[in-house]
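Enquirer: Give me a model of this one.
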Amino acid sequence: MSSDGHRAKKSLGQNFLVDENTCRRIADAVCALPGERVLEIGPGKGAITRFVAECDFDDYRVLERDEDLADRLEDEFPELDVVRTDALKYPWEELESDWIVAGNLPYNIGSKLIWDIVSQTECACAFMVQHEVAARLTASPGCKQYGGLTAWVGNFCRTRYLFKVPPTVFRPKPKVDSAVVEFIPFSRQQRPPHPQKLAQLLKLCFQKRRKQLGNILKSRMNDEIEAWFQNGPVKLTDRPENLSPEQFRELSTLVFS
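Expert: A predicted model of the protein is given here:
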């Protein structure tokens, strides 16, 4: 239990930031993003919140599942719009593009949240995630860290690895490093017209990532798909991690026509 009497709940993935310099650095990254309003996921005790609030955004909304912490936030920051909900259940598709989405995401739901948020909003984001996830989010095709999450996110926004965060700045201390990643959304015209087809292809390919594409797609092959491979830079002997996000998008419309 911390000195203020609140015990971190493992079920909610709570690890509280206690280093002021780290909190300010994250807040600076949030405040530098394009947007007029901020939505923070899992503010906890308000470690980042107090510094982001200094940027004087038009609106500041926080999503907090922990009732005790939600009460505390309302008392300490009366200007906040505190929404008591699970971020996985939030209607992200209703969020307008002038919002910035930020937060120290719980390790157990971080990837799922990012998958939903980047595809359902056109908002700039800054998230702290497990370092391993940050490496995947910012990997280039051909790297071992490159995977389905990388290719999915890369169809909706540009990512940038900002900085690493050590376990020592948290209470309780996690067993791994964290990192902050910036997300700048693409315009609506640049986004996949059929995201469900893209999601299907990524699942199909990365469940068998050690196999060649020719083997993975063998049962779905047709003249159009064969021509795509013959006339472009991607070969049937390539593996999934060799395709760029854009190439996955193109191929998904052929495989799931």
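Enquirer: average pLDDT across stretch 227-237?
Expert: Looking at stretch 227-237 alone, the average pLDDT works out to 97.
Enquirer: typo on my end, stretch 168-175
Expert: On average, stretch 168-175 scores 91.
Enquirer: in that stretch, what's buried?
Expert: V169, F170 (16 or more other Cβ atoms under 10 Å). C-beta: built from backbone N, CA, C; applies to glycine.
Enquirer: Going along the chain, name the strands of the stretch 101-250 of the chain.
Expert: 124-130, 157-165, 170-171, 178-185 (DSSP state E, counting those that start in this stretch).
Enquirer: mind checking the end-to-end distance for stretch 41-48?
Expert: The first and last residues of stretch 41-48 sit 11 Å apart, counting by Cα to Cα, to the nearest Å.
Enquirer: Apologies, that question was intended for stretch 172-191.
Expert: Stretch 172-191: ends 39 Å apart by Cα to Cα.
Enquirer: circling back: which of the strands of the stretch 101-250 of the chain is buried the deepest?
Expert: strand 124-130 (a mean of 24; mean count of other Cβ atoms under 10 Å).
Enquirer: and it, C-alpha only, in CSV?
Expert: Only the C-alpha atoms of strand 124-130 are listed here, as CSV (Å, rounded to 0.1, in the frame of the first residue of the first chain):
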residue,chain,number,x,y,z
ALA,A,124,-3.3,12.2,-32.3
CYS,A,125,-2.2,10.0,-29.4
ALA,A,126,0.6,9.6,-27.0
PHE,A,127,0.7,6.3,-25.0
MET,A,128,3.1,4.8,-22.5
VAL,A,129,3.2,1.0,-23.1
GLN,A,130,5.5,-1.9,-22.3
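Enquirer: now that strand: how far from the chain's centre is it?
Expert: On the basis of Cα atoms, centre = their mean, to the nearest Å, strand 124-130 sits 6 Å off its chain's mean C-alpha point.
Enquirer: ok, it: who's next to it in the sheet?
Expert: If you go by DSSP bridges, strand 124-130 pairs up with strand 99-104 (parallel), strand 178-185 (antiparallel).
Enquirer: and the angle for the first one with strand 157-165?
Expert: Put plainly, it is strand 99-104. Here the directions of strand 99-104 and strand 157-165 differ by 30 degrees (axes from the mean of the first three to the mean of the last three Cα atoms, to 10 degrees).
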